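J.: Sequence first, predicted coordinates after that:
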Amino acid sequence: MRLFLFFLGIFLSGTLSSQSTKNLKRVELGVNLSDYVITNDTGFNKIRDAIYERSVLNKLYPPLPPSLPNCWFSPGGVYVGQWVWDTMFQLIAFAPLNQDTVIRNVFENYWNAIDKNPEAPKGSFRYGIIPNFINPQNWPPLGYSQIPILGWGCWSIYQQTNDIELIKRAFPYLELFDRWYSTERDIDQDELIEFGAYKPIGTTDILQTARYETFDFNPAMDDMQLTVNPNHESGNWYGNVEGVEQTCFLILQEQAIVKIALILGEKDRANFYQKLVEKRINAVRAKMWDPKTQFFYSLDRDSDKKIMTKNLMAFLTLTCGAATNTQAEALLKHLTNPNEFWSKLPVPTCSLDDPKYDTKIGKQPQLMWRGDVWPATNYFVSMGLQKYGYRQTAEDLTNKMLEIMKLNGINERYDPKTGLGLGVKDLGMSCSIWSMVVQQVYGIQDDYRTIIVPQHPERKKLKLGKIELSYPTNNSLELKSSFEREFSVILPDKGKKTIGLTCDGNVQKDFVWKTNCSTLIFKAKPEKSYRIKWE
């Protein structure tokens, strides 16, 4: 996905150097962070301030047409441009700050790349490719893409802001992007996603360029080859590896498109994508799961043979819901095994007992995706753990990430055994650590409608843009929303409960109490204060 530092000097001519953003004036929004993101914990306020200042607010830059006609977020350090990956995490953190127009404009840079992109090579599907990153000085865009999380990011932002204009504008482009992925990255049409590139970047060969569409030094791609498309005349642009991670992220994106389509009244399109999601999930379960080792693996596209390297990508099946409950239970055993993924700082990208594990501790270069620890992937793993009910493990994972960040700062990645910071400091995507705090410490899940009450929550308070949450006691929760939304509150599972719900002090009876999963569901009206008590 990323380019090593030594590639920067050999980018296409005109590429901004790693020093270029220092000469650009950052966009000053005049936003007081503490007006929008507030906790009553001084320690978490310090974490909030550090993450927002270093990884989000100081990385927003003014337009640089024609490639970036609107303001844009840069990851920082040597990574100059608007990436697909980092920008989604930055925007999710940015969403509470009441800057809907800025968010729409950042997305407009992606839609501009679709609208203005010249013809892709003959024989490929032209419209819909969104490049790995949009370079501020090079046009046309690069001939390869990145992990498809635009739909997931757009939906996550809408869930926080309720900005209907954002998803109205995004919907047709998300369909084009998804069609491009379904056409160009699934050439055998088995619902599992591959990697590829139309042309090399700089002096990097085209094979390594294709690897940049995902976690670029993932050992599952070590023996990948590029081939022609058997369905039509083409160049050698199509990788023969089907990736667990790329398929899971596309499932996440298509799940988001389903939800957006339903909001917009596009029921036929929602049904289309829902069926596609189901097909992909069935394909992952049928082909990528190995019953003997109880793990998911990437595949050789042509033979369906599993590529038996044990890496973090398997846990993304939890994030997108592709794993069965039985498979999830087996994955948890791998995850919490200290000889595999439960290192001093979990979750390493490659199992500690895998032959491909190699961080070259104390030496350079320390290889990416061979055992290092990344905040964003840990965020996705923690989301998956929550979805399957493994809350304690998710909490432990978050606590370890917070602990190491306090000791070694905000970093691109970390050494799994020592916690030493690696890569670029204060990188944009590392703001995902704050999202982990919101999810695990305060209980607000990634849909911003599900609240999983944490352990011992008494006196915890958080305002996150248009939602306010506090726990007056260990047995009560107060909620307030700036717009109407339906909340699902999952209470600690400690036997039978007596439930009470009030709105501005008035007893409410219009709610659903699901005793089998200790979940209270109710619709919150704008600016009304709701209090839930349980015994």
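T.: Thanks, I have the structure now.
J.: got the residue ranges for the strands in the stretch 301-450 of the chain?
T.: 411-414, 421-425, 450-452 (DSSP state E, counting those that start in this stretch).
J.: can you tell me which of those comes nearest to G76?
T.: strand 421-425 (6.3 Å; C-beta to C-beta). Bear in mind the C-beta positions are built from the backbone N, C-alpha and C, glycine included.
J.: Tell me which of the strands of the stretch 301-450 of the chain sits most buried.
T.: The highest mean neighbour count among these, using mean count of other C-beta atoms under 10 Å, belongs to strand 411-414: a mean of 26.
J.: before we move on, the earlier item: okay, the strands of the stretch 301-450 of the chain in a markdown table with distance to I404 and mean pLDDT next?
T.: Putting these into a markdown table (distance: least, C-beta to C-beta, whole Å; pLDDT from 0 to 100) gives the following:
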| stretch | distance to I404 | mean pLDDT |
| --- | --- | --- |
| strand 411-414 | 6 | 95 |
| strand 421-425 | 8 | 93 |
| strand 450-452 | 24 | 98 |
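J.: now for those strands, which one comes closest to L352?
T.: strand 411-414 (14.2 Å).
J.: which residues touch the closest one?
T.: 77, 345, 368, 372-375, 404-405, 408, 420-427, 429-430 (C-beta atoms under 8 Å, 6 or more residues apart in numbering).
J.: Helices of the stretch 401-535 of the chain, residue ranges please.
T.: Ranges of helices in the stretch 401-535 of the chain, per DSSP state H, counting those that start in this stretch, are 432-440.
J.: scratch that, the stretch 201-350 of the chain
T.: Counting by DSSP H, counting those that start in this stretch, one finds helices in the stretch 201-350 of the chain at the ranges 206-211, 244-263, 267-283, 316-319, 325-335.
J.: Burial-wise, tell me which of the ones you listed comes out on top.
T.: For the helices of the stretch 201-350 of the chain, where neighbours mean mean count of other C-beta under 10 Å, the stretch averaging the most is helix 316-319, with a mean of 26.
J.: just to revisit the earlier point, in JSON lines: the strands of the stretch 301-450 of the chain, plus distance to F217.
T.: Formatted as JSON lines, the strands of the stretch 301-450 of the chain follow (distance: least, C-beta to C-beta, whole Å):
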{"stretch": "strand 411-414", "distance to F217": "12"}
{"stretch": "strand 421-425", "distance to F217": "12"}
{"stretch": "strand 450-452", "distance to F217": "34"}
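J.: what about the ones you listed, which gets the closest to V437?
T.: Judging these by C-beta to C-beta, what sits closest to V437 is strand 450-452, at 13.8 Å.
J.: now that closest one, how far from the centre of its chain.
T.: Counting by C-alpha atoms, centre = their mean, to the nearest Å, strand 450-452 is centred 19 Å from the centre of its parent chain.
J.: That one packs against which elements?
T.: strand 485-490 (3 or more C-beta pairs under 8 Å, 6 or more residues apart in numbering; DSSP states H and E).
J.: circling back: right, and the strands of the stretch 301-450 of the chain - which one's nearest D396?
T.: If you check each of the strands of the stretch 301-450 of the chain against D396 by C-beta to C-beta, strand 450-452 wins as the nearest, at 14.8 Å.
J.: Can you tell me what sits against that closest one?
T.: Q386, R391, G443, I444, Q445, L469, L477, L479, F487, S488, V489, I490.
J.: Below-threshold pLDDT in the chain: ranges please.
T.: Counting by pLDDT under 70, the ranges of the chain that qualify are 1-20, 118-127, 359-366, 494-496.
J.: Residue ranges of each domain in it, please.
T.: 5-440, 472-534 (automatic domain parsing).
J.: Buried deepest among those domains, which one?
T.: Ranked by mean neighbour count, the domains of the chain are led by domain 5-440 with a mean of 20 (mean count of other C-beta under 10 Å).
J.: residue contacts, W72?
T.: L60, Y61, P63, L64, G81, Q82, T87, V106, N109, I134, P136 are the contacts of W72 under C-beta under 8 Å, 6+ apart.
J.: Please enumerate the strands of the stretch 51-200 of the chain.
T.: 60-61, 72-73, 82-83, 133-134.
J.: Quickly run through the sheet partners of the second one, with directions.
T.: Meaning strand 72-73. strand 60-61 (antiparallel) (DSSP bridges).
J.: Contacts for the strand it pairs with next, please.
T.: Here strand 60-61 has contacts from T21, L24, K25, R26, V27, L29, C71, W72, F73, S74, V102, using C-beta under 8 Å, 6+ apart.
J.: My guess is the fifth one contacts C71. True?
T.: What that stands for is V27. Yes: assessed by C-beta atoms under 8 Å, V27 is found in contact with C71 at 5.4 Å.
J.: can you list residues touching both of these two?
T.: Common neighbours of V27 and C71 (C-beta under 8 Å, 6+ apart) are L60, Y61, P62, V102.
J.: Which residues does the second one form beta bridges with?
T.: With DSSP bridges as the criterion, the beta-bridge partners of Y61 are W72.
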